[in-house]
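Colleague: A predicted structure for the sequence below; I have some questions about it.
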Amino acid sequence: MTSATLPILSWPITDKIKLAALGLLGIWIALMANITIIMKGPVQPDTGDAPTDVRAFPSCEGFGCNTLGGRQAGSSVCIITNTNSSGTGSASACFLQSGPRFIISKVSGVVLLNETTLTAANSNVHFFGQTAPGDGLMFQPSGQNRAFNFGGRGSASSAFQDAVFQHFRIRNSPGTGGTSSNAGQDAFNLRKGVHNVIFDHCEIMWTSDEAFNFYHHDDFSIGEGNDTYNLTISRCII
C-alpha cells in the first residue's frame, strides 16, 4: 500500500502563505457582515410614507410641534449683531426677511421695537433667543405699539406660518393702561389663518392689554378659513 499525500503539502511556501491569507480574509469578511446585520437590526418594510411626527425640537408638546420652522430647503442663518430698532444686523431685519431661516444673536441688551407685522412672506423661521450672550435680548415696544402682528389685517393670503420662537422676552413700556403712554399695548396678535407656530420659554410682561390674541376669523367677509390653528405656547411666563 502506498501512502497518499495532500497536494497542498507539496506547494511552495509562498503559495501556502497566500492561501492562509485568503482564508483569514474570508473569515474577517464573514465576521464584519454578521456584526453589521446585528447593529442594523431587522429590516423594516418600506411603506413609502413620510415621517408624521418630526418635532420642531425634542421636548416640544402641543399642536404646533410639527412645524418645520427654518428646517426647509434653501434655509439660511440671520445673525443679530446690534440692538438697533431697524437696519442691517438688527432683529427687525432678521424677522422681516423672506425665505426659511434660523435667527441667532451675537449681542444682548434691550431692543426698542417698532410695531412689526409678519405675513406669509416672512414665514418659515426659527428664532433661538438662547444664543444671545449674557442676560440675552429683551424687546420693548415703543409707545402704544404692539410688539408683533402675525398675519396682519389683510386677506387670508397673508397668513404667517411655520415659526418657532424660543427664549423670547418682551417687556412693554411702563404704564398703567387707560390714558397712559402704553394704553392698548399687546405683545402678540395672531390672525388671518396663522398656523404652525410655537412660543417656547418666552416671557411676556407689562402689557396693558392682551399678551396673546388668537383671532377666530375676525373678518367675517372672508369666512372660516382664517381661523388660527396648530399653535403651541409652552413653558412661558405671561
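Modeller: Sure thing, it's come through.

Colleague: from here on, contacts and neighbour counts on C-alpha atoms
Modeller: Noted.

Colleague: just list whatever residues bridge to residue 79.
Modeller: According to DSSP bridges, residue 104 are recorded as the beta-bridge partners of residue 79.

Colleague: now do the same contact list for the nearest residue to residue 213 once chain neighbours are set aside.
Modeller: Closest residue to residue 213 in three dimensions, ignoring its sequence neighbours and counting by CA to CA, 6 or more residues apart in numbering: residue 189, at 4.7 Å. With contact set as CA atoms under 8 Å, 6 or more residues apart in numbering, residue 189 has these partners: 148, 149, 150, 212, 213, 214, 215.

Colleague: what's around the last one, how many residues?
Modeller: Using other CA atoms under 10 Å, the number of residues around residue 215 comes to 17.

Colleague: ditto for the second one
Modeller: When neighbours are defined as other CA under 10 Å, residue 149 has 20 of them.

Colleague: low-confidence bits of the chain, can you list those?
Modeller: Flagging of the chain using pLDDT under 70 yields the residue ranges 1-11, 13, 15-16, 19, 28-53, 143-146, 152-158, 174-184, 216-226.

Colleague: tell me how many other residues surround the residue lying closest to residue 141 once chain neighbours are set aside.
Modeller: Excluding the flanking residues, the one nearest residue 141 by CA to CA, 6+ apart is residue 113, at 4.6 Å. Summarising burial for residue 113: neighbours were counted as other CA under 10 Å, giving 24.

Colleague: pull the contacting residues for residue 61.
Modeller: With contacts defined as CA under 8 Å, 6+ apart, residue 61 is in contact with 232, 234.

Colleague: okay, strands next: where are they in the protein?
Modeller: Assignment of strands within the chain using DSSP state E yields the ranges 76-80, 101-105, 109-113, 116-118, 125-128, 137-141, 148-150, 161-166, 169-171, 188-190, 195-200, 203-205, 212-214, 229-234.

Colleague: strands paired with the last one, and their directions?
Modeller: So that's strand 229-234. Counting by DSSP bridges, the strands paired with strand 229-234 are strand 195-200 (parallel).

Colleague: strand 161-166 and the partner strand, what's the angle between them?
Modeller: Between the axes of strand 195-200 and strand 161-166, defined by axes from the mean of the first three to the mean of the last three CA atoms, to 10 degrees, the angle is 0 degrees.

Colleague: which residues touch strand 195-200?
Modeller: Residues outside strand 195-200 that contact it (CA under 8 Å, 6+ apart): 63-67, 159-168, 228-236.

Colleague: write the ChimeraX selection for whichever of these are buried.
Modeller: Selecting the buried subset of these in ChimeraX, with 16 or more other CA atoms under 10 Å as the burial test, is done by:
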select :63,64,65,66,67,159,160,161,162,163,164,165,166,167,168,228,229,230,231,232,233
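
Colleague: okay, buried residues for stretch 76-84 please.
Modeller: 78, 79, 80, 81, 82, 83, 84.

Colleague: so the residue lying closest to the third one once chain neighbours are set aside versus residue 55, what's the distance?
Modeller: Ranked by CA to CA, 6+ apart and with sequence neighbours excluded, the top spatial neighbour of residue 80 is residue 105, at 4.5 Å. Residue 105 sits at a distance of 23 Å from residue 55 (criterion: CA to CA, to the nearest Å).

Colleague: check residue 89 too.
Modeller: When residue 89 is compared with residue 55 (using CA to CA), they lie 29 Å apart.
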